[in-house]
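Peer 1: Okay, predicted coordinates and the sequence, questions at the end:
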Amino acid sequence: MKSTTRVQLSLMMFLEFFIWGGWFVTLGTFLNDNLQASGGQSASVFSTQSWGAIIAPFIIGLIADRFVNAEKILGVLHLAGAVLMYQMYNAASIEVFYPYVLSYMILYMPTIALVNSVSFNQMKDPEKEFSLIRVFGTIGWIVAGLIISFVFHWDSEQSRAEGLLRNTFLMSSIASLALGLFSFTLPKTPPKGKGEKVSLGKIIGLDALKLLKDKNFAIFFISSILICIPLAFYYQNANSFLSNSGVSNPTGKMTIGQASEVIFLLLLPLFFKKYGFKKTILVGMLAWAVRYALFAYGNAGELSFMLIIGIALHGICYDFFFVSGYIYTDSKAGEKYKSAAQGLITLATYGVGMLIGFEVAGMITDKYTLADGSHDYKMIWLIPSAIAAVVFLVFAVLFKQEKEIKATV
């Protein structure tokens with residue numbers, strides 16, 4: 001790969017995830033402070049990510065894979081996203097905000113697959129080259145959080161009281177505009193499926209449903225959906241929890257989670273090779289239960305280290321479960337169903353699983369909202385901790401150890 005192309009792809013990844021990290025991390029706090037949203041209303045807003053994940057395959061399968069160059073549709077989607085993000089910045093109520101965020105996520109979620117497509121199209125050895133490009137996406141997410149906390153201090157108590165947290169949408173709107181324009185300069189990535197017949201089953205991965213006949217894969221599939229319930233609690237409540245608990249620079253400190261994600265992604269092949277798939281994924285499940293217990297009993301004072309450890313566990317939570325899951329799915333699918341299987345597991349987790357998770361998180365948040373508007377965060381965190389523990393036990397008992405699976409991360 002030419003060095004200029006590598007720089008282009010790295011900048012593309014940086015901006016792609018800078019945009020997402022620039023507003024999504026603080027969304028729960030913004031909804032609570034600026035729009036006075038209830039737990040149920042917040043759940044509806046966060047669920048737009050799931051609806052975006054469900055609809056994304058149709059945009060990719062019906063348009064990007066058949067008619068339009070990936071870099072061009074990427075540019076159009078981000079330019080439209082910049083407009084929608086600016087409208088979110090101006091929204092004064094949850095009723096006005098919701099249609100814009102729903103429209104935005106329907107347009108944004110397909111761009112994740114598009115940036116991958118543009119990248120893979122330029123690579124001769126994706127297994128070695130892709131991670132070096134994708135890591136700039138994580139760096140972009142981290143930089144966005146650091147800017148919010150340590151440069152502009154939008155998540156400080158005073159700034160939140162002044163309504164300045166809404167500036168995160170303006171920042172992301174500008175970044176989306178930049179990426180939209182920049183996309184048209186990216187290497188040409190013509191549609192791969194031009195002229196091919198396409199079916200609904202192929203688009204959303206239903207061709208891979210026959211894999212569920214394998215008992216182990218079926219247990220993994222169901223566990224993947226269930227573990228997304230506690231995951232949704234983190235996205236929806238973590239930033240507002242840290243902010244309301246008195247943690248300084250909460251958004252910046254949450255970037256510790258992305259830093260640990262990079263570290264454990266590098267360690268994953270070693271762990272995978274030594275302990276195998278079952279033990280690796282069990283560690284990931286257990287990490288969810290432990291981190292929420294730490295959140296439940298930690299505080300911003302003498303027990304603040306518990307909150308920091310909980311944030312840092314994000315790398316194990318995500319990499320050891322989700323990345324391991326992608327590897328396992330790839331190994332079970334075989335050449336014929338590789339793409340379909342990955343599409344199915346993505347639909348199950350970020351689509352169905354997260355949709356259920358956000359709904360449950362919203363109900364629990366409302367149930368443990370006190371009369372003065374504060375929250376009983378101890379119970380809000382202990383419940384997903386218990387759910388993760390149950391999923392851990394079910395998987396440990398029912399999933400049978402298989403022969404070693406090659407880690408390709």
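Peer 2: Sure thing, it's come through. Numbers count the residues shown, from 1 in each chain.

Peer 1: which secondary structure element contains the closest residue to residue 152 other than its chain neighbours?
Peer 2: Nearest-residue entry for residue 152: residue 167, 6.8 Å, with adjacent residues in sequence omitted and distances by CB to CB, 6 or more residues apart in numbering. Yep, even glycine has a C-beta here, placed from its N, CA and C like the rest. Using DSSP states H and E, residue 167 sits within helix 167-183.

Peer 1: what does the average pLDDT come to for that helix?
Peer 2: Helix 167-183 shows a mean pLDDT of 98.

Peer 1: Number of residues surrounding the residue lying closest to residue 50 once chain neighbours are set aside?
Peer 2: The shortest distance from residue 50 to any non-neighbouring residue, by CB to CB, 6+ apart, is to residue 355 (3.9 Å). Counted with other CB atoms under 10 Å, residues neighbouring residue 355 total 22.

Peer 1: same thing with the one 3 residues further on?
Peer 2: Residue 358 has 27 neighbours, counted by other CB under 10 Å.

Peer 1: what's the answer for the one 10 residues further on, then?
Peer 2: Burial of residue 368 is recorded as 18 neighbouring residues (other CB under 10 Å).

Peer 1: So the residue lying closest to it once chain neighbours are set aside versus residue 135, what's the distance?
Peer 2: The spatially closest residue to residue 368, leaving aside those adjacent along the chain, is residue 376, at 4.0 Å (CB to CB, 6+ apart). To residue 135, residue 376 is 38 Å away according to CB to CB, to the nearest Å.

Peer 1: Looking at these two, which is more packed in?
Peer 2: A side-by-side neighbour count of residue 376 and residue 135, using other CB under 10 Å, places residue 135 first with 17 against 14.

Peer 1: who touches the closest residue to the more buried one other than its chain neighbours in this structure?
Peer 2: With sequence-adjacent residues excluded and distances taken as CB to CB, 6+ apart, residue 135 is closest to residue 262, at 6.2 Å. Neighbouring residues of residue 262 by CB atoms under 8 Å, 6 or more residues apart in numbering: 135, 138, 315.

Peer 1: could you dump those residues to TSV with pLDDT and distance to residue 276?
Peer 2: Output for the contacts of residue 262, formatted as TSV (pLDDT from 0 to 100; distance: CB to CB, whole Å):
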residue	pLDDT	distance to residue 276
135	88	26
138	91	26
315	91	20
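
Peer 1: could the residues you listed go into JSON lines alongside secondary structure?
Peer 2: Output for the contacts of residue 262, formatted as JSON lines (DSSP: H, G, I helix; E, B strand; the rest coil):
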{"residue": "135", "secondary structure": "helix"}
{"residue": "138", "secondary structure": "helix"}
{"residue": "315", "secondary structure": "helix"}
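
Peer 1: As a check, name the ranges of all strands in this structure.
Peer 2: For the chain, no strands turn up when DSSP state E is the criterion.

Peer 1: do you know how far the nearest residue to residue 228 once chain neighbours are set aside is from residue 134?
Peer 2: Leaving aside its sequence neighbours, residue 228 sits nearest to residue 353 (CB to CB, 6+ apart; 2.9 Å). In this view, residue 353 and residue 134 are 22 Å apart by CB to CB.

Peer 1: more neighbours, the two?
Peer 2: Of the pair residue 353 and residue 134, residue 353 is the one with more neighbours under other CB under 10 Å, namely 24 against 20.

Peer 1: contacting residues around the more buried one?
Peer 2: Taking CB under 8 Å, 6+ apart, one finds 224, 225, 226, 227, 228, 229, 231 in contact with residue 353.

Peer 1: quick one: which of those has the most company?
Peer 2: residue 227 leads the contacts of residue 353 on contacts (other CB under 10 Å) with 26 neighbours.

Peer 1: What count of nearby residues applies to the residue lying closest to that one once chain neighbours are set aside?
Peer 2: What sits nearest to residue 227 in space, not counting adjacent residues and going by CB to CB, 6+ apart, is residue 391, at 5.3 Å. Residues within reach of residue 391, counting by other CB under 10 Å, total 24.

Peer 1: Wait, residue 391 touches residue 223, no?
Peer 2: Yes. Counting by CB atoms under 8 Å, residue 391 sits close enough to residue 223 to count as a contact (5.6 Å).

Peer 1: If you drop the residues flanking it in sequence, what lies closest to residue 155?
Peer 2: residue 251 is the one closest to residue 155 (CB to CB, 6+ apart), at 4.7 Å.

Peer 1: Helices along the stretch 51-200 of the chain, start to end?
Peer 2: With helices called from DSSP state H, counting those that start in this stretch, the stretch 51-200 of the chain shows them at 70-90, 94-120, 126-146, 157-161, 167-183, 200-204.

Peer 1: how about those helices in CSV, adding distance to residue 386?
Peer 2: Converted to CSV, the helices of the stretch 51-200 of the chain look like this (distance: least, CB to CB, whole Å):
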stretch, distance to residue 386
helix 70-90, 34
helix 94-120, 29
helix 126-146, 29
helix 157-161, 31
helix 167-183, 32
helix 200-204, 32
